[in-house]
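K.L.:
got a structure for you, letters missing:
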């Protein structure tokens, strides 16, 4: 089963403020279902901008983007929001949990928003995701009371609650110490290997990147190299 999860063709983007500047230059990228891809490059090379285009949150670009075989370029914001809710889970450097809500409630929110299941079903599913990441004992605690590593695990559980085919991470371990970074990496690895979920992570952490299936290296708005697992070395 080797279908494509995401396909970008000729993605070009300009920022126009204060002057016009090209930030992405005709990017082509094919990512297979179940692949774990890291995007690396110096600050300002365009990697986070690319992630936001790939996630459909930024629609101001030239070129085409397909997610799970659906051409998303030019679709309405409502249609894109539905695709994001169903197909993409997000994990950011800062977990963006609601600190006064319980962990369980935080994880439930995207599924309640999707509105496909009953409240009880969503609650059960959210609890299972917390269990998968070893934080089920924290389920009823307020998210603000957890350690940073626990919060990031709850954030990943939330990203997964709708069983998206693609998980996108923007510096997902950027705020964590090495022990928690390893835990989060291992969770991503498990998701791609056991659950066939596609992981696309922008990272500054070269050790994290080097252990993923493929490293996409960017410079000045272009992809300059693809490195297979084990062949990426720190520059």
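P.N.:
That came in fine, so what should we check first? Here the structure is a predicted model, which is why all the values come from computation and not from measurement. Residues are numbered from 1 along each chain as shown.
K.L.:
count the residues that sit near residue 17.
P.N.:
The local packing of residue 17 (other Cβ atoms under 10 Å) involves 6 other residues. From N, CA and C alone the C-beta is placed, and that goes for glycine too.
K.L.:
who's in contact with it?
P.N.:
Counting by Cβ atoms under 8 Å, 6 or more residues apart in numbering, residue 17 makes contact with nothing.
K.L.:
do the same with residue 112
P.N.:
Listed by Cβ under 8 Å, 6+ apart, the contact partners of residue 112 are 119, 122.
K.L.:
residue 205 touches residue 181, doesn't it?
P.N.:
Yes. Using Cβ atoms under 8 Å, residue 205 makes contact with residue 181 at a distance of 6.7 Å.
K.L.:
next one: phi and psi at residue 81?
P.N.:
phi -60, psi -40 (degrees, to the nearest 10).
K.L.:
if you could redo that for residue 66, that was the one I meant.
P.N.:
Per degrees, to the nearest 10, the backbone of residue 66 is at phi -120, psi 130.
K.L.:
hey, what's it bridged with?
P.N.:
Assessed by DSSP bridges, residue 66 has beta-bridge partners residue 7, residue 71.
K.L.:
residues in contact with it?
P.N.:
Contacts of residue 66 by Cβ under 8 Å, 6+ apart are 4, 6, 7, 8, 72.
K.L.:
hmm, 7 Å instead?
P.N.:
Counting by Cβ atoms under 7 Å, 6 or more residues apart in numbering, residue 66 makes contact with 6, 7, 72.
K.L.:
burial count for the first one?
P.N.:
Spelled out, that is residue 6. 26.
K.L.:
secondary structure element for the most centrally placed residue in the chain?
P.N.:
Within the chain, one residue has its C-alpha closest to the average C-alpha position: by Cα atoms, centre = their mean, that is residue 168, at 1.0 Å. Element membership of residue 168, judged by DSSP states H and E, is strand 166-170.
K.L.:
residues making contact with that strand?
P.N.:
5-6, 48, 51, 54-55, 87-93, 159, 191, 197-202.
K.L.:
right, and the helix or strand after it?
P.N.:
Immediately after strand 166-170, counting by DSSP H and E, sits helix 178-195.
K.L.:
any idea of the angle that following helix forms with strand 166-170?
P.N.:
160 degrees (axes from the mean of the first three to the mean of the last three Cα atoms, to 10 degrees).
K.L.:
helix 178-195: how far from the chain's middle?
P.N.:
13 Å (Cα atoms, centre = their mean, to the nearest Å).
K.L.:
quick check: buried residues in it?
P.N.:
Of the residues in helix 178-195, 180, 181, 183, 184, 185, 187, 188, 191, 192 count as buried by neighbour count, 16 or more other Cβ atoms under 10 Å.
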